[in-house]
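Participant: Following is a predicted model, sequence given first.
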Amino acid sequence: MYVEGITLDCLTQIKFNRSIYGIYHLLTGKKSIQSVHDARIFQLEKYYGVHLSLTRNQFLQIVNVMLENGLLNKDDGNEFYHVTKAGKEKLSLFQGTTIFSYLNGLSFSGIERQFRDRLYLLVQTYSNILVNNYSFIPIVDSQEVTKWVKDFYRRHQQSNFPDQLYHELYQLLSLLPKGEADFFVDRLSGYQYYGLSMEQLAIKYNLSRDDTIIYLTGITHVLINLVSQKKEAYPILSQLIIGFDQQKFITNTANQTFHLLKKQYSLEQIVQIRNLKLNTIYDHIVEIALYDSSFQIESYVNKKEQEEIIAAIQLNNTFKLKTIKESCSSTISYFQIRLVLTRLKELLPEGEIHV
Amino acid sequence: MSNTILLEKELETYFGYSTFRVGQKEIISDVLNGKNVLGILPTGTGKSICYQLPARLLEGVTIVVSPLISLMMDQVKELKATNFKEVVALNSFLDYDKRKQLYKNLYRYKLIYVSPEMLQQKELQFYLKKMTVSLFVIDEAHCISQWGHEFRPDYQKLKTVINQIGDPPVLALSATATREVQDDIINSLERPICKHIYPMDRSNITLSIQEVIINEEKLEIITNVLSEHKVPSLIYFSSKNAAENVSHLLSKRLPEHRVAFYHGGMEQMDRVAIQQQFMNDQIDIVCCTSAFGMGINKNNIRFVFHYHFPGQIESYIQEIGRAGRDGNQSISVLLYCRQDSFLPQQMIESELPSDGDLFRARQLFIKYQDEDKILPVEFQEIQAMFEISEVQWRFISSQLEKHGIKHKNGIKYDESKVDETFEQIKNIRDERLYVKQTKLKDMMNWIHLKTCLREGLYTRFQNGYTKVEEYCCSNCGIHLQDFNPKQTIPLKQLPTWEMKLKRLLVVGESK
Ligand SMILES: Nc1ncnc2c1ncn2[C@@H]1O[C@H](COP(=O)(O)OP(=O)(O)O)[C@@H](O)[C@H]1O
Ligand SMILES: [Zn+2]
């Protein structure tokens, strides 16, 4: 249901602009500018990285089953898919679910795992400490998370602490529909008690394996959202997402380029200093522009060039780089087109973004 | 006398056990006296203590060679849980920087687990040489012998490593070593060794074999037996799919039981969850592959079923050995269907390279040599070039090294020798194939035995065995009606998430 809904939504938005693999890369949160860029221009940010473990074959399998079930069809000899009437109905069903409204992939896919893992180990740790049991097999097996929880415990040894954690979780989960809170709590482990595996959750809640993952992802996203909007109400839980706000850029290397730019180095100088190709630096700049809406693109593509590119997009009704390029004068570069695409929301009049 | 009292006190201090189990004290005393020891103790009786206690008592560091990374990880986790912090497992998954860092700080540890492959690294040897190694432990020592189950060629190079790092005393441990294998171990280590061989037969485990015509019958038998008993039970399968499928079927047929599956293809967190749920009696039945059970210390498993039987008797003994560790009556049921013998046969073939594989490997080597290139280190890259499994590749690769053709992934190649070498590799492959097939045949013969199964199973490992009056084996005759194990009392199911959360985090609510 969820995976299908998401795929249908993506196909509806992307139309024939990208191959089906564009959707796959989006869902698995591929760390490429292209995927982030796609998420932005097709307004599919919420689905970025919502199913990290999906394999290519599993994804094709899902698409094939949707074809068989008549949610999609496909022209002969054509690699593109159409959403059928039945598909549209399914999509609107999906759009009526809470999970649809919860998903917020581009903002949270980087932090989601960390939030959950820290929470799982924190609950398990305090549950054991509550009964003075200091040795147990940790449910999360990651040095990073273990270290974080240890540090946390060192700073918070008050005996009423488990109680506080309980109250925060209680307050937070009360905001969810009962079924979702049940699901989330079923995965928690504690003293002599271990939470359900994803497989067990799938059976208990009658979901497919993929939908179980997306269901958990959606719930996690809404929890992160609720906590970060009201940090003062969640003194403990808000600490689970610390260390994330600063992490603006997807890649470290783009960040380095950004620092050099801020020091007023020219692109040529940066190429020299970093010993990288000019095209790589271009990639970094597009990445910076995507993440930092205050970043000025005018020095790379002036107002007049911007207008020409926008006109080409509207004329051809496409986001395909190649088509746009062919429709512009030859002095306009791919780099410039990509930069303009990062600013579509501001540059295009409201309501004209859909192609 | 005072010495022994002291040892018991140390056991109590470090592990919280008041007495030693059979064999432990004898082995530990010899180890502490600097002797080389071969210890054969049945599965589940506590081999690990035999080096974990000395590791805490001896000056210097104890090195443990262990064939399975997951096993090492589990042990390290458990030791850390008992507050023994100076332990570490070295494995090749660590990236270069982390590994370098770790090597430099090795002197801080008292117990180091390492895979036999890693021990071959000159870099690691360099650091180990600088430390005082006071004990060198070879866990699952039967891997030295090609007649042991799970032969690992790198185990045969251990003697050289031991010499390299200052010739510390050696403790070789195994649960399943026939007399032949024991001799192989001793010969391969080339040093005087005190033997401590303890009988491996478990008189509290009933051996039952039931032949069926079709798989559906197996399911019926399991359902019938378990519907009478709600007790911790394992069901072994030879494939992940079968384990999953039967798990789904059983949970429908046994709605009162909590059934789950476990295999190596699951995510880490889910594996821990299932293992620990089973430990805590949150699950009654686990459908699993041989990946389950390593490091599982549940002492009240009452039934071990084999939906598929393993390719050798040693694996079988190890798997049924997970039952009845508390000493109470337990039952192993092997369900046999004629078609089943193809499965281990296939497994054997998939573990060794075929003639075709060898031919293509040969082409590859020649090509790399001609182009003056270095063979990739990563197995994934090899696999991208020709379809081969990791075990198959490991076999070819170690054989080539042995013949001096391959040197740490660089190829030293003498054209006249290639054909000869590959011919030899083929012979060795055939020899391994023969060993494995012989073992499979042994297993099959045992299954078809008409006389006492207990006698047939254990006398190949030891002189004699403990006779059992009641509940011996299906050939001597057993009556399951009288089998009356303690039933699991399920944890109270809480109806709401609010109550579940309370149980986790509020005093007085947990149990
Ligand atoms: N002297 C002892 N008293 C009580 N329990 C022990 C003793 N020695 C070992 N054990 C327990 O027996 C279990 C099996 O030990 P382990 O070393 O894993 O067995 P194996 O021989 O299969 O390697 C463990 O839970 C261990 O803690
Ligand atoms: Zn008998």
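Facilitator: Happy to help now that I have it. Ligands and ions are numbered 1, 2, ... in the order given.
Participant: B:Thr496 against A:Ser174, yeah?
Facilitator: No. If you go by CB atoms under 8 Å, B:Thr496 and A:Ser174 don't touch, sitting 11.5 Å apart. Heads up, the C-betas are built off the backbone N, CA and C, glycines and all.
Participant: what's stretch A:155-173 in contact with?
Facilitator: A:122-123, A:126-127, A:129-130, A:181, A:184-185, A:223, A:226-227, A:233-237, B:497-498, B:501-502, B:504-507 (CB atoms under 8 Å, 6 or more residues apart in numbering or on different chains).
Participant: cool, stretch A:84-93 as well?
Facilitator: Everything outside stretch A:84-93 that qualifies as a contact, by CB under 8 Å, 6+ apart, is A:1, A:4-5, A:8-9, A:12, A:66, A:69-73, A:83.
Participant: Stretch B:496-511 too?
Facilitator: With CB under 8 Å, 6+ apart as the test, stretch B:496-511 has contacts from A:123, A:126-127, A:130-131, A:162-163, A:165-166, A:169-170, A:173, A:178, A:181-182, A:184-186, A:188, A:190-193, B:494.
Participant: Those in helices, which ones?
Facilitator: Counting by DSSP state H, these place A:123, A:126-127, A:130, A:162-163, A:165-166, A:169-170, A:173, A:178, A:181-182, A:184-186 in helices.
Participant: what's the burial count for the nearest residue to B:Lys130 once chain neighbours are set aside?
Facilitator: Distance criterion CB to CB, 6 or more residues apart in numbering or on different chains; nearest residue to B:Lys130, sequence neighbours excluded, is B:Tyr107 at 7.8 Å. Residues near B:Tyr107, counting by other CB atoms under 10 Å in any protein chain shown, number 12.
Participant: likewise B:Gln346?
Facilitator: Using other CB under 10 Å, B:Gln346 has 12 other residues around it.
Participant: Likewise for B:Lys252?
Facilitator: Using other CB under 10 Å, B:Lys252 has 9 neighbouring residues.
Participant: shaky segments in the stretch 151-300 of chain B?
Facilitator: B:294-295 (pLDDT under 70).
Participant: Around chain A, which positions in chain B sit nearby?
Facilitator: B:73, B:77-78, B:81-83, B:251, B:260-261, B:266-270, B:272-277, B:280, B:282, B:491, B:496-498, B:500-507, B:510-511 (CB under 8 Å from any CB of the partner chain).
Participant: Quick one, which of the residues you listed are buried?
Facilitator: For those, a burial check counting by 16 or more other CB atoms under 10 Å in any protein chain shown picks out B:73, B:77-78, B:251, B:260-261, B:266, B:269-270, B:272-277, B:282, B:497-498, B:500-506, B:510.
Participant: Selection in ChimeraX covering whichever of the contacts of stretch B:496-511 are buried, please.
Facilitator: Typed into ChimeraX, the line below selects the buried ones among these, using 16+ other CB under 10 Å:
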select /A:123,126,127,130,162,165,166,169,170,173,181,182,184,185,188,190,191,192,193
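Participant: Same list, the contacts of stretch B:496-511, but only the ones touching ligand 1.
Facilitator: Near ligand 1, judged by CB under 6 Å from any ligand atom, there are no entries from the contacts of stretch B:496-511.
Participant: Domains in chain A, by residue range?
Facilitator: A:2-105, A:111-241, A:252-347 (automatic domain parsing).
Participant: first to last residue in the second one, what's the distance?
Facilitator: What it means is domain A:111-241. 7 Å (CA to CA, to the nearest Å).
Participant: With stretch B:256-272 instead?
Facilitator: Start-to-end, stretch B:256-272 (CA to CA) is 23 Å.
Participant: Let me know the helix or strand that B:Leu158 is in.
Facilitator: helix B:158-164 (DSSP states H and E).
Participant: Partner strands of the helix or strand following that helix and their direction?
Facilitator: The helix or strand immediately downstream of helix B:158-164 is strand B:170-174, counting by DSSP H and E. Paired neighbours of strand B:170-174 in the sheet (DSSP bridges): strand B:37-40 (parallel), strand B:133-138 (parallel).
Participant: Check the offset of the longest one from the chain's centre.
Facilitator: What it means is strand B:133-138. 20 Å (CA atoms, centre = their mean, to the nearest Å).
Participant: Show residues contacting it.
Facilitator: So strand B:133-138 is contacted by B:31, B:51, B:54-55, B:58-65, B:144, B:155, B:158, B:162, B:165-166, B:168-173, B:185 (CB under 8 Å, 6+ apart).
Participant: Over to B:Glu387. Which of the three states is it?
Facilitator: The local conformation at B:Glu387, judged by DSSP: H, G, I helix; E, B strand; the rest coil, is coil.
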